[in-house]
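# Fold the stuff below for me.
(4 chains)
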Number of protein chains: 2
Amino acid sequence: MEAKKILLVEDDPNFGAVLKDYLMINDFEVTLAKNGMEGFEKFKKDTFDLCILDVMMPYKDGYTLAREIREKNQEVPIIFLTAKTLKEDVLKGYKVGADDYLNKPFDSEVLLMKIKAIIQRKASEVKPDTTKFEFEIGKFHLNSKLRFLTYPGQEPIKLSPKECELLKMLALHENDLMPRELALTKIWRDDNYFTSRSMDVYIAKLRKFLKQDENVEILNIHGEGFRLVVKK
Amino acid sequence: MEAKKILLVEDDPNFGAVLKDYLMINDFEVTLAKNGMEGFEKFKKDTFDLCILDVMMPYKDGYTLAREIREKNQEVPIIFLTAKTLKEDVLKGYKVGADDYLNKPFDSEVLLMKIKAIIQRKASEVKPDTTKFEFEIGKFHLNSKLRFLTYPGQEPIKLSPKECELLKMLALHENDLMPRELALTKIWRDDNYFTSRSMDVYIAKLRKFLKQDENVEILNIHGEGFRLVVKK
DNA sequence: AAATATATTAACCAAAGATTAACATAAAAA
DNA sequence: TTTTTATGTTAATCTTTGGTTAATATATTT
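So this is what the prediction gives:
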């Protein structure tokens, strides 16, 4: 499985660094911010699987940050770290939408357990087939759950996860612009030179598959992204 | 909604009674047992939506009880109560399959919050019909209760428990994805490298059985799971 | 024409899966 | 009880698949 991304917002530099290291050793990708302000900036620039927020921070406390994060994203799990054990604080945290609450000092293994449990839970919540996974693309039929693409009178083509996700994302924007950045942040989970090259490779692969139907093609919009055109 | 049933196993009679009352006020139906032995007896006699187990109990501790409960029922959520904050204990609890962990003294409102969250979560999980035990798989007929697989004009093949459960799980998802993780957690009760290898071995065994009918095959969906394909 | 962005192919590496066999253990039979 | 037999796990090995990067070519914009 791909490494999960964690946003860690902690003003104590020592503690922050240690925790970051510990999480990284355990195969998480960690972005560390040293206050609420910075945390929010970093949150906006990337896609995280989990946020761990210290409650007591200068300028912007954990609750405020959590509320801002919730405005942008209702899904992402949030864990609070706090030195306080006061009931009101714990309840306040839950009300803001926390998924869990940890008192400092806490045991790192316990944190790890909780992180895994929470990420696991979230993953299973999304499962109910609310997400569309079947698409008609010209004469093609795409099943993105079973990851294959069929063309009349032919064996289904098996797609790799990336091929499949990319084609799905294009299909979701059929005849419209699918911004490069969108695919990169959602599928590659990182928007940089290399992932961008990698994406080009996948676009080429998809074009190969799709060229059987001359009414279907993937156009590039220079500097913007791609467009799956289906003539009808 | 109908009142949810909770099995509360707590050896301290005072604390037990207070907690029971509190939960009943909050519209739960509570069965109180005062030790592990009694807890297990009551568990077998009824159907509960949640079990709350004290860890420290005479005769039979909470972990042992949890393991027994899990043997009977893989679904029911379990929350541990403990006075200990020792790391090993918390970890032990999670390993036995706990859904959550609460330290005593804890805040009852927090407990309530957790109970609701857990019951809610379980409710939203979809479960395939596990009671069915006869399946038509192409020309094969599977009886998963008597554990045999028949093919026209042939002696029935006897299946081992694991072979049988795995084939059944595949059959329940016929032509659809059966996630690897699902089989591992349900059949092997553990999702790790070794159980995963073990599962591969069983897939190979099943393929051997099934290859007599060329319209039946088990396909792998890389990184996702398997798919029992039956062409018709 | 220089810089930037995209296209395509191929080489490479890592992860996942398949298969066979060895080993361990528990249930059944002698 | 000891011996078989059935079942399941672990190991070893091989194959396939998936994804990134590099190399090179072609477009597009400034």
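
# Might you report the residue contacts of the spatially most central residue of chain A?
Nearest to the mean C-alpha position of chain A, counting by Cα atoms, centre = their mean, stands residue A:47 at 4.5 Å. By Cβ atoms under 8 Å, 6 or more residues apart in numbering or on different chains, the contact list for residue A:47 reads A:5, A:185, A:186, A:189. Yep, even glycine has a C-beta here, placed from its N, CA and C like the rest.

# Adding secondary structure and distance to residue A:111 as columns, could you present the residues you listed in CSV?
Below are the contacts of residue A:47 laid out as CSV (DSSP: H, G, I helix; E, B strand; the rest coil; distance: Cβ to Cβ, whole Å):
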residue, secondary structure, distance to residue A:111
A:5, strand, 16
A:185, helix, 27
A:186, helix, 27
A:189, coil, 23
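
# tell me which of those is nearest to residue B:61?
Nearest to residue B:61, judged by Cβ to Cβ, of these is residue A:5 at 38.5 Å.

# Identify the residues contacting that closest one.
Residue A:5 makes contacts with A:28, A:29, A:30, A:31, A:46, A:47, A:48, A:49, A:50, A:189, as judged by Cβ under 8 Å, 6+ apart.

# Can you lay out these as TSV showing pLDDT, secondary structure and distance to DNA strand D?
Formatted as TSV, those follow (pLDDT from 0 to 100; DSSP: H, G, I helix; E, B strand; the rest coil; distance: Cβ to the nearest atom of the strand, whole Å):
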residue	pLDDT	secondary structure	distance to DNA strand D
A:28	87	strand	17
A:29	86	strand	13
A:30	90	strand	19
A:31	91	strand	18
A:46	80	coil	16
A:47	81	coil	15
A:48	88	coil	18
A:49	87	coil	17
A:50	89	strand	21
A:189	87	coil	9
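
# before we move on, could you check phi and psi at residue A:150?
Main-chain torsions, residue A:150, degrees, to the nearest 10: phi -110, psi 150.

# give me the number of residues near it?
Counted by other Cβ atoms under 10 Å in any protein chain shown, the residues lying close to residue A:150 total 14.

# Am I right that it is in contact with residue A:140?
Yes. Residue A:150 is within contact range of residue A:140, at 6.8 Å (criterion: Cβ atoms under 8 Å).

# Which strand residues bridge the residue of chain A found nearest DNA strand C?
At 3.4 Å from DNA strand C, residue A:220 is the closest residue in chain A, using Cβ to the nearest atom of the strand. Note on residue A:220: beta-bridge partners by DSSP bridges are residue A:226.

# do you know how far the nearest residue to residue A:26 once chain neighbours are set aside is from DNA strand D?
Leaving out its chain neighbours, the residue that sits closest to residue A:26 by Cβ to Cβ, 6 or more residues apart in numbering or on different chains is residue A:112, at 5.9 Å. Shown here: residue A:112 relative to DNA strand D, a distance of 23 Å by Cβ to the nearest atom of the strand, to the nearest Å.

# Neighbours of residue A:112, how many?
Count around residue A:112 with other Cβ under 10 Å applied: 15.

# Same check on residue A:192?
10.

# which phi and psi does it have?
Backbone torsions of residue A:192, given as degrees, to the nearest 10, read phi -140, psi -180.

# sorry, back to before: now render the contacts of residue A:5 as a markdown table, adding distance to DNA strand C.
Below are the contacts of residue A:5 laid out as a markdown table (distance: Cβ to the nearest atom of the strand, whole Å):
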| residue | distance to DNA strand C |
| --- | --- |
| A:28 | 15 |
| A:29 | 14 |
| A:30 | 18 |
| A:31 | 21 |
| A:46 | 20 |
| A:47 | 20 |
| A:48 | 21 |
| A:49 | 17 |
| A:50 | 20 |
| A:189 | 16 |
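
# Now do the contacts for the residue nearest to residue A:12 when sequence neighbours are not counted.
Spatial nearest neighbour of residue A:12, chain neighbours left out: residue A:54 (7.5 Å); criterion: Cβ to Cβ, 6+ apart. Contacts for residue A:54 (Cβ under 8 Å, 6+ apart) come out as A:9, A:10, A:11, A:12, A:62, A:80, A:81, A:82.

# Among those residues, name the ones in strands.
Members of those lying in strands (criterion: DSSP state E): A:9, A:80, A:81, A:82.

# Reformat the residues you listed as a markdown table; add pLDDT, neighbour count and distance to residue B:132.
As requested, the ones in strands among the contacts of residue A:54 are exported to a markdown table (pLDDT from 0 to 100; neighbours: other Cβ atoms under 10 Å in any protein chain shown; distance: Cβ to Cβ, whole Å):
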| residue | pLDDT | neighbour count | distance to residue B:132 |
| --- | --- | --- | --- |
| A:9 | 93 | 28 | 49 |
| A:80 | 81 | 25 | 44 |
| A:81 | 80 | 23 | 47 |
| A:82 | 73 | 19 | 49 |
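
# Buried residues, stretch A:6-18. List them.
Using 16 or more other Cβ atoms under 10 Å in any protein chain shown as the test for burial, stretch A:6-18 gives A:6, A:7, A:8, A:9, A:10, A:11, A:16.

# Send me the host helix or strand of the first one as CSV with only the CA atoms.
The reference is to residue A:6. Using DSSP states H and E, residue A:6 maps to strand A:4-9. Output in CSV follows, covering the C-alpha atoms of strand A:4-9 (Å, rounded to 0.1, in the frame of the first residue of the first chain):
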residue,chain,number,x,y,z
LYS,A,4,-0.2,7.6,4.0
LYS,A,5,0.4,11.2,4.5
ILE,A,6,0.2,12.9,7.8
LEU,A,7,0.2,16.6,8.6
LEU,A,8,1.7,17.1,12.0
VAL,A,9,1.3,20.5,13.6
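
# ok, then the element right after it?
Defined by DSSP H and E, the subsequent element after strand A:4-9 is helix A:13-25.

# quick one: contacts of that following helix?
Contacts for helix A:13-25 (Cβ under 8 Å, 6+ apart): A:6, A:8, A:10, A:30, A:32, A:34, A:52, A:108, A:112, A:115.
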